[in-house]
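**Student:** Build the 3D model from these lines:
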Amino acid sequence: MRHMREAARAAVGITDLDRTRAGLALAWLGSRVLSRSPVVHFDATASVRAAFSRAEAAELARAAGLEGATVEPALPERWRLWWRRPS
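**Tutor:** Below you'll find the predicted structure:
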């Protein structure tokens, strides 16, 4: 995030999975409904387990110097971070 802040002329936007029980359940169910691949079944839930929570994303943003960044929930079971460079 620090490199993104340094490279950004105006803003930084990030979206990612949110590590929640609902997200894990959706990944488990969705991967099984949409694919028969055991690799997809494993990877879908492993991705949610490895994801950052919204609170962790906000802390990472603060540590990277993205003061004032907002982290909001986004559907389905994702988060969206937005930071604008001060004028």
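**Student:** can you tell me which residue is nearest the centre of this protein?
**Tutor:** The centre of the chain sits closest to residue 16, judged by CA atoms, centre = their mean, with a distance of 2.2 Å.
**Student:** Residue 37 versus that residue, what's the distance?
**Tutor:** Computed as CB to CB, to the nearest Å, the residue 16 to residue 37 distance reads 23 Å. (C-beta placed from N, C-alpha, C; glycine too.)
**Student:** Where do the strands of the chain begin and end?
**Tutor:** Here the chain has its strands, by DSSP state E, at 11-17, 70-74, 78-84.
**Student:** right, and the residue nearest to the centre of the chain touches residue 54 too?
**Tutor:** No - using CB atoms under 8 Å as the test, residue 16 is too far from residue 54 to be in contact (9.8 Å).
**Student:** Name the residues contacting each of those two.
**Tutor:** Contact criterion CB atoms under 8 Å, 6 or more residues apart in numbering; residues shared by residue 16 and residue 54: residue 79.
**Student:** partners of the nearest residue in space to residue 66 that is not next to it in sequence in the sheet?
**Tutor:** Leaving aside its sequence neighbours, residue 66 sits nearest to residue 83 (CB to CB, 6 or more residues apart in numbering; 4.3 Å). Counting by DSSP bridges, residue 83 is bridged to residue 12.
**Student:** neighbours of residue 83, just the number please.
**Tutor:** For residue 83, the neighbour count with other CB atoms under 10 Å is 23.
**Student:** With residue 25 instead?
**Tutor:** What residue 25 shows, counting by other CB under 10 Å, is a neighbour count of 13.
**Student:** repeat for residue 22
**Tutor:** 11.
**Student:** next one: residue 87
**Tutor:** Neighbours of residue 87 (other CB under 10 Å): 4.
**Student:** Give me the distance between it and residue 11.
**Tutor:** Distance from residue 87 to residue 11, by CB to CB: 12 Å.
**Student:** Could you do residue 18 as well?
**Tutor:** 21 Å.
**Student:** swap in residue 21?
**Tutor:** 31 Å.
**Student:** Quick check on those two: which one has the bigger neighbour count.
**Tutor:** residue 11 (12 against 9).
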